[in-house]
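Participant: Quick one, what's the 3D model for this:
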Amino acid sequence: MRRAVAVVLLAVLALAMPTAAWAAPTTQVIQGSILRLVSIADWAAAGRLLPGQPVEWDIAVSADAPDPGVVRIAVSATGEAQLLLDVSTCPEAWTETGCPGGATALRVGWSIPRDGVEVPLTQMADTETAHLRLSILLDPSGGSG
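Facilitator: As a prediction, the model looks like this:
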């Protein structure tokens, strides 16, 4: 019997965000009983988001499940800021110069809903690792929130 394991990447993005992507990225590891998320972003830059200056958020998702299963990855957002997202996956870990193995775009120029509802992005076997990159941009047509 296959077990489904769900992962939700909560992008709780408030009013204003970044200035220079990769200026001072920090790594945070979130380890649950099955899922592991490794998050790399410049959160100081994300707190000063300006139109035309995106911030990149890299997330590696992996699982250590006792039974075979599927990891479903979704994103949700809340807050006032009008945000545009590009979401891509990479077969390897992202680098400062991009995806060594060629990226696959999941969403481009996406005006993410900020109603807290989960939006599915992708899924993978629990034996795989997903390497996601979210490029977050303040929507120039939406003002500052």
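
Participant: ranges for the helices of this structure?
Facilitator: 43-46 (DSSP state H).

Participant: Strands of that one, residue ranges please.
Facilitator: Taking DSSP state E to define them, one finds strands in the chain at 3-12, 26-31, 35-41, 55-63, 69-78, 83-90, 104-111, 119-125, 130-138.

Participant: Direction included, what does the third one pair against?
Facilitator: Within its sheet, strand 35-41 is paired with strand 26-31 (antiparallel), strand 55-63 (antiparallel), according to DSSP bridges.

Participant: Just say which of those strands is most tucked in.
Facilitator: Ranked by mean neighbour count, the strands paired with strand 35-41 are led by strand 55-63 with a mean of 22 (mean count of other CB atoms under 10 Å). For glycine as for every other residue, the C-beta is placed from the backbone atoms N, C-alpha and C.

Participant: Enumerate every residue touching residue 97.
Facilitator: By CB atoms under 8 Å, 6 or more residues apart in numbering, the contact set of residue 97 is empty.

Participant: I'd like the distance between it and residue 137.
Facilitator: Noted for residue 97: a distance of 19 Å to residue 137, by CB to CB, to the nearest Å.

Participant: Where does pLDDT dip in this structure?
Facilitator: 1-23, 142-145 (pLDDT under 70).

Participant: Check whether residue 126 really touches residue 72, as I assumed.
Facilitator: No. At 10.7 Å, residue 126 does not count as touching residue 72 under the criterion of CB atoms under 8 Å.

Participant: what about the two, which has more around it?
Facilitator: residue 126 (20 against 16; other CB atoms under 10 Å).

Participant: Enumerate every residue touching that one.
Facilitator: 3, 5, 34, 63, 64, 65, 68, 69, 70, 71.

Participant: what's the answer for residue 93, then?
Facilitator: Applying CB under 8 Å, 6+ apart, the residues near residue 93 are 58, 60, 131.

Participant: one more time with 6 Å
Facilitator: residue 131 (CB atoms under 6 Å, 6 or more residues apart in numbering).
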